[in-house]
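A.B. asks: kindly generate the corresponding structure for this input.
(one chain, ligands or ions: 1)
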Amino acid sequence: MIKKILIANRGEIALRIIRACKELGIPTVAVYSTADSLSLHVRFADEAVCIGQAKSSASYLKQSQIISVAEITNADAIHPGYGFLAENSEFAQMCEDNHLIFIGPPPKIIKQMGDKAEARATMIKAGVPVIPGTEDVITNIQDAKKMADHITYPVILKAVAGGGGRGMRIVREPGQMEEAFSTAREEARIAFGNPAMYMEKLLEEARHIEVQILGDNYGNIAYLGERECSIQRRHQKLIEESPSPVVDENLREKIGKFAVKAAKAVGYSSAGTVEFLLDKNKNVYFMEMNTRIQVEHPVTEMVTGIDLLKEQINIANGLHLPKWLKKFKLRGHALECRINAEDPYKNFRPSPGKIVAFHAPGGPGTRMDTHVYAGYEIPSSYDSLLGKLITHGKDRAEAISRMERALEETIIEGVSTSIPFHQAILKDPEFRAGNFHIDFLKDFKF
Ligand code: ADP
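C.D. replies: Model prediction:
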């Protein structure tokens, strides 16, 4: 059994992992950069070790350093959270080589699903529908043009190693291909050290629907309903909810079964997410698989009553999936707003600085996952997520009104936040009616 967990992350997710560990009675080790010495994950963990300078490459990404800290502190498992090393198969392998449990799937699966072209090919073989597109990596502009003619415009170029919406370009006509191809490749080369590209048909006005899965080390896989993540800005999720307003029992079962098939095809274990696009005619297409816990996992926790972090740790501990997992019932509706330190009135410019006053909302059905507090200085070296506000209600209307009430109660002074933008979306009649898709925010008037 796991005796101590090192958390190779920071911010709200590091705190979330600490909370799960405390409830399971497992001691924790935090690692932190010099910019995070006053961070709450450092304060709440049982032990904390500084691993370097503010820049991620000098701290949270320093693999051998993190392994050494695990050894020195006698931690026997590492939780990578999301981002940083969470989907780095080399790091997962390094853990294994050093007899540390990596809390995630085996390195081979991380690698296989991290290469999105390979993931597509695997799903085609397994009989899971994928978005029409290329099976091979595209290496030159001639092939890119040929493929686009074949798939038919508009198309979307995507980085094989992609993530966070980077290295992605929409191409509507042949004249745009040359520039799009070279800029997307360059962006992917800088972001991921890998310029390889693949191509898909651009599905317009589709919805992003993803399925939470849990798999144990013995081949059992369960799906825990879907999350609707179509409210996105520049391919980045802003508001997520569960269930999706357009998914009924039959569709839920159909998508859930595809997700389980996808997970079984690769022998998945741990918590994971299978992402799909749902087109206007409700056809489902596999998009990618994320081999980690997601930012938006709390909406699933609220409607299922399942603590995903604790289950993920239990799986790493070699426990079987509990039998009741296959029979749980979805209860009510949950929404999550990602609150970022950015100024929606100034084109979402990052707004680092000191939080001078802070008050988290409370009351029925309200949860705030955040690492910030009054006096907290937001470091400029990391992403701008300040926290996630989650509300749960008996139905979607109640979850929305709770969210409006909770956003109004939230006090964050000293920096600009995305809260006014969330409030505007929540007021929108189309959003309230559940009529939206991935391009919704493109024409949204704010
Ligand atoms: P990343 O891993 O970089 O986040 P994803 O493959 O998950 O990239 O895609 C992110 C978002 O980009 C999706 O949620 C969707 O809005 C958009 N997208 C991706 N592929 C397509 C496609 N074929 N057609 C339309 N939109 C797409």
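A.B. asks: so, low pLDDT: which residues of the stretch 251-400 of the chain?
C.D. replies: For the stretch 251-400 of the chain, no stretch is flagged by pLDDT under 70.
A.B. asks: which residues of it lie near the ligand?
C.D. replies: 275, 277, 287-288 (Cβ under 6 Å from any ligand atom). C-beta here means a position set from N, CA and C on the backbone, and glycine is covered the same way.
A.B. asks: and the helices in the protein?
C.D. replies: Per DSSP state H, the chain carries helices over the ranges 11-24, 40-44, 63-73, 89-97, 107-114, 116-126, 141-151, 177-192, 249-266, 297-304, 308-316, 396-409, 419-427, 429-433.
A.B. asks: which of the ones you listed is buried the deepest?
C.D. replies: Highest mean neighbour count of those: helix 297-304, a mean of 25 (counted as mean count of other Cβ atoms under 10 Å).
A.B. asks: packing partners for that one?
C.D. replies: strand 221-233, strand 236-242, helix 308-316, strand 333-340, strand 366-370, strand 385-393 (3 or more Cβ pairs under 8 Å, 6 or more residues apart in numbering; DSSP states H and E).
A.B. asks: what strands line up against the second one, and which way round?
C.D. replies: Meaning strand 236-242. Counting by DSSP bridges, the strands paired with strand 236-242 are strand 221-233 (antiparallel), strand 333-340 (antiparallel).
A.B. asks: that one close to the ligand?
C.D. replies: No. Strand 236-242 lies apart from the ligand when judged by Cβ under 6 Å from any ligand atom; the minimum separation is 7.3 Å.
A.B. asks: how far off centre is that strand?
C.D. replies: Centroid separation between strand 236-242 and its chain, computed with Cα atoms, centre = their mean, to the nearest Å, is 10 Å.
A.B. asks: ok, residue 112 touching residue 120?
C.D. replies: No. Between residue 112 and residue 120 there is no contact under Cβ atoms under 8 Å: 11.2 Å.
A.B. asks: for the residue lying closest to residue 165 once chain neighbours are set aside, give its distance to residue 163.
C.D. replies: Spatially, and ignoring its direct neighbours in sequence, residue 165 is nearest to residue 235 (3.2 Å; Cβ to Cβ, 6 or more residues apart in numbering). As judged by Cβ to Cβ, to the nearest Å, residue 235 and residue 163 stand 10 Å apart.
A.B. asks: residue 266 and residue 300, how far apart?
C.D. replies: Taken as Cβ to Cβ, the span from residue 266 to residue 300 is 21 Å.
A.B. asks: an error on my part: the question was meant for residue 366.
C.D. replies: 17 Å.
A.B. asks: repeat for residue 364
C.D. replies: According to Cβ to Cβ, residue 364 and residue 300 sit 19 Å apart.
A.B. asks: with residue 346 instead?
C.D. replies: Distance of residue 346 to residue 300, computed by Cβ to Cβ: 33 Å.
A.B. asks: and if you look at residue 79?
C.D. replies: Applying Cβ to Cβ to residue 79 and residue 300 gives a distance of 18 Å.
A.B. asks: which residues touch the residue nearest the centre of the chain?
C.D. replies: Nearest residue to the geometric centre of the chain (Cα atoms, centre = their mean): residue 294, 3.4 Å. By Cβ atoms under 8 Å, 6 or more residues apart in numbering, the residues touching residue 294 are 82, 210, 212, 273.
A.B. asks: repeat that for residue 201.
C.D. replies: Contact analysis of residue 201 by Cβ under 8 Å, 6+ apart lists 131-133, 151-152, 154-156.
A.B. asks: among these, which one is most surrounded by other residues?
C.D. replies: When neighbours are counted by other Cβ atoms under 10 Å, residue 155 leads those with 27 neighbours.
A.B. asks: show me what that residue is bridged to.
C.D. replies: residue 171, residue 201.
A.B. asks: surely it touches residue 202?
C.D. replies: Yes. At 5.6 Å, residue 155 counts as touching residue 202 under the criterion of Cβ under 8 Å.
A.B. asks: now the common contact residues for the two.
C.D. replies: Joint contacts of residue 155 and residue 202 (Cβ under 8 Å, 6+ apart) are 170-171.
A.B. asks: with adjacent residues omitted, what lies nearest to residue 105?
C.D. replies: Leaving aside its chain neighbours, residue 105 sits nearest to residue 270 (4.7 Å; criterion: Cβ to Cβ, 6+ apart).
A.B. asks: what does residue 42 give?
C.D. replies: residue 48 (4.4 Å).
A.B. asks: what's the answer for residue 352, then?
C.D. replies: Closest to residue 352 by Cβ to Cβ, 6+ apart is residue 380, at 4.3 Å.
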